[in-house]
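J.: got a predicted structure here, sequence first:
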Amino acid sequence: MPTGLGRRASELGEREDFDESRHGRKRSISMPAAAQAARWREAVAREAANAQASSSSVQNTPAITRITPELLSTIFAFASRPDILSLAQVSKSFSRAALRALYDNLDLRDVDDERATQCIASLASRRHVASLVRSFACRTLPPADDTTSLATVTFAIAFNNMDQLQSLTLPRFDLRLLCHTTFSLRRLLLLCKNISAQDFHALVCWLARQPALTALSLPCLVLPVLPVSADACPPSAPYTPHTPDTPTHDSDASAPTSPTSSTASASASATTSPFPPTLLPNLRQVHGPVALAAALAPGRPLESAKLPIQHTLYDGLRPSAIMSALASARATLRTVTIKPVSTKIDSRTLERVVMSAGAELGDFVETLEVHWVIDDESLYKLIVSVLGRFRALRTLRLLRDSPPPFPPSPLLEFPLPPASPPLSAGARTSISSFSSAFPPRSARSAAPDTPFPRVHERAHLALWSKTCPSLRRVFFLSGAEWMVLPRSPEEGAFGLSPFEFVGYTQS
């Protein structure tokens, strides 16, 4: 046995004189399960007492104080501004929620200049209030040639304090006011009618800092071609979308040419787009000049394009080049809007634009919106001729932004006859009975309760649904909305009409 390991346990246990009392400690029997159960009962009793105390305190407090500030702000957003100001004086919780609802959507376009200046000064001096603004719009900005005035500095500080801004509406772009901003926009609306080449390129550089932007709108901007930076090429060479305008369609083969358009087309191949491929990677909606929309379409998930037609074919407009550039977004583009800006746009130009849209975008566009400025019959004839090119169209929306022109008639040159005297009650009764007994020929074949405008629209629907079988909704110039319901032969045998009148919409 090795030495130094102590005694064996058997020898130690065999000793009769070994007693635990000499160690000063007695053995105790432990009960871990019983102790744990006791601790658990104490914890349950303590939680029940706390819950009873909290419930009694909650019952003693008003229910209105238990509403979260976010929910209060959402409720206050439906109230008018005078009511929100009154709610802000109720309590501290109401004051915070009312302040958030009051500054969430800040539109100063209908406010006089003095009050707008006071509001901008308040946003510049109170950063915690400016951080509540999510949408901002104003009517005026400091003059472009004024660089050191107090108004310019105040505007710049106010924009810098709006670090949570998501939607911005300005009368023009001014880099002095926006160069130090830290917000991440989702929507940008500029209402300027013209822009210099320097400001345009400053706008492009500033947009590179807004990767979350999804909607870009410049509805009033007149821009035949995009300006090119002086570093890229001489100023005399304007930019046009890099799409060869070859007369592949009949719509553009007969279009007249002009010296300016020939020069622009010849120099287009030697220029590059001012937009880098990484600019606005999340852009989904664009509303602006056709040259701008065509340049932004490639490489971006564009879903909607609203094209204001500002020039005619004689001014150098090339519809096929524009629509070919938009076709590069065929994976996402589903809505196209064509809107002439004035009555100076002739019907031939509008016809070529719509026909080019059908030829290039007809395989994937599902919603077509056409704003019309000429007589109604010209539009209906155009729709009949081009609707077959839109093979995936589901919604057709026809709108009129201005009253229709007066039809040319020689009768308008003569004075109108005097007004007839008012009819008596008996004469009204006899005339109404005569008209009900002999209705117009066009209305005799229709249902008795169907007015003549609906009969006219139903006739157009019957022709259009055959030309475009995918069509499901139509909005006419009158504002009437119709649904095209595909019917089976069995349903047609029972006399169910495939057209259903929904109602009149307010455009």
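T.: Received it, and whenever you're ready, just let me know what you need. Numbers count the residues shown, from 1 in each chain.
J.: got a pLDDT number for Asp449?
T.: With respect to pLDDT, Asp449 has a value of 50.
J.: low-scoring stretches of this structure, by residue?
T.: Along the chain, the model assigns pLDDT under 70 to residues 1-32, 53-62, 147, 229-274, 403-453, 491-495, 506-507.
J.: 80 - rerun?
T.: Scanning the chain with the threshold set as pLDDT under 80 gives 1-38, 49-70, 93, 145-148, 228-274, 401-454, 487-497, 506-507.
J.: what sits up against stretch 89-105?
T.: For stretch 89-105, the external contacting residues (CB atoms under 8 Å, 6 or more residues apart in numbering) are 65, 69, 72-74, 76-77, 79, 81, 84-85, 87-88, 129-130, 132-135. From N, CA and C alone the C-beta is placed, and that goes for glycine too.
J.: of the residues you listed, buried ones?
T.: Among the contacts of stretch 89-105, those classed as buried by neighbour count (16 or more other CB atoms under 10 Å) are 72-73, 76, 84, 87-88, 129-130, 132-135.
J.: out of the contacts of stretch 89-105, name the ones that lie in helices.
T.: Using DSSP state H, the members of these that fall within helices are 69, 72-74, 76, 81, 84-85, 87, 129-130.
J.: re the thing from before, could the buried ones among the contacts of stretch 89-105 be laid out in TSV, adding distance to Cys192?
T.: Output for these, formatted as TSV (distance: CB to CB, whole Å):
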residue	distance to Cys192
Leu72	38
Ser73	33
Phe76	34
Ile84	32
Leu87	37
Ala88	36
Val129	28
Ala130	24
Leu132	28
Val133	22
Arg134	23
Ser135	19
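J.: spatially nearest residue to Ser465, not counting backbone neighbours?
T.: Val484 (5.3 Å; CB to CB, 6 or more residues apart in numbering).
J.: residues contacting that neighbour?
T.: Contacts of Val484 by CB under 8 Å, 6+ apart are 461, 465, 471-474, 498-499.
J.: need the strands for the stretch 151-300 of the chain, in chain order.
T.: Ranges of strands in the stretch 151-300 of the chain, per DSSP state E, counting those that start in this stretch, are 167-170, 187-190, 215-217, 285-287.
J.: can you redo those as JSON lines with distance to Ala480 and mean neighbour count?
T.: Output for those, formatted as JSON lines (distance: least, CB to CB, whole Å; neighbours: other CB atoms under 10 Å):
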{"stretch": "strand 167-170", "distance to Ala480": "32", "mean neighbour count": "19"}
{"stretch": "strand 187-190", "distance to Ala480": "31", "mean neighbour count": "18"}
{"stretch": "strand 215-217", "distance to Ala480": "28", "mean neighbour count": "19"}
{"stretch": "strand 285-287", "distance to Ala480": "26", "mean neighbour count": "21"}
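J.: mind listing the residues bridging to Ser217?
T.: With DSSP bridges as the criterion, Ser217 is bridged to Leu189, His287.
J.: quick check: it touching Arg284?
T.: No. Using CB atoms under 8 Å, Ser217 is not in contact with Arg284, being 12.0 Å away.
J.: for Leu207, give me its contacts.
T.: Counted by CB under 8 Å, 6+ apart, Leu207 has contacts 188, 213, 216, 279-280.
J.: state the distance from it to His128.
T.: Separation of Leu207 from His128 (CB to CB, to the nearest Å): 28 Å.
J.: wait, doesn't Ile120 sit right on Thr154?
T.: Yes. Using CB under 8 Å, Ile120 is in contact with Thr154, at 5.6 Å.
J.: and the helix or strand Val353 falls within, what does it pack against?
T.: Per DSSP states H and E, Val353 falls inside helix 347-361. Counting contacts by 3 or more CB pairs under 8 Å, 6 or more residues apart in numbering; DSSP states H and E, helix 347-361 packs against helix 250-253, strand 304-309, helix 319-326, strand 335-340, strand 367-372, helix 376-386.
J.: rerun that using 6 Å as the cut-off
T.: helix 250-253, helix 319-326, helix 376-386 (3 or more CB pairs under 6 Å, 6 or more residues apart in numbering; DSSP states H and E).
J.: so which of the ones you listed is the most packed in?
T.: Highest mean neighbour count among the helices and strands packed on helix 347-361 (mean count of other CB atoms under 10 Å): helix 319-326, with a mean of 26.
J.: okay, that one in PDB with CA atoms only?
T.: Taking Å, rounded to 0.1, in the frame of the first residue of the first chain, the C-alpha atoms of helix 319-326 are listed here in PDB:
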ATOM      1  CA  PRO A 319     -43.100  58.900 -80.000                       C
ATOM      2  CA  SER A 320     -41.500  55.600 -81.000                       C
ATOM      3  CA  ALA A 321     -38.200  56.600 -79.400                       C
ATOM      4  CA  ILE A 322     -39.900  57.500 -76.200                       C
ATOM      5  CA  MET A 323     -42.000  54.400 -76.000                       C
ATOM      6  CA  SER A 324     -39.100  52.100 -76.900                       C
ATOM      7  CA  ALA A 325     -37.100  53.500 -74.000                       C
ATOM      8  CA  LEU A 326     -40.100  52.900 -71.700                       C
END
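J.: let me know the angle separating it from helix 347-361.
T.: With axes from the mean of the first three to the mean of the last three CA atoms, to 10 degrees applied, the angle from helix 319-326 to helix 347-361 works out at 30 degrees.
J.: helix 319-326 vs strand 335-340, what angle?
T.: Interaxial angle, helix 319-326 versus strand 335-340 (the same axes, to 10 degrees): 150 degrees.
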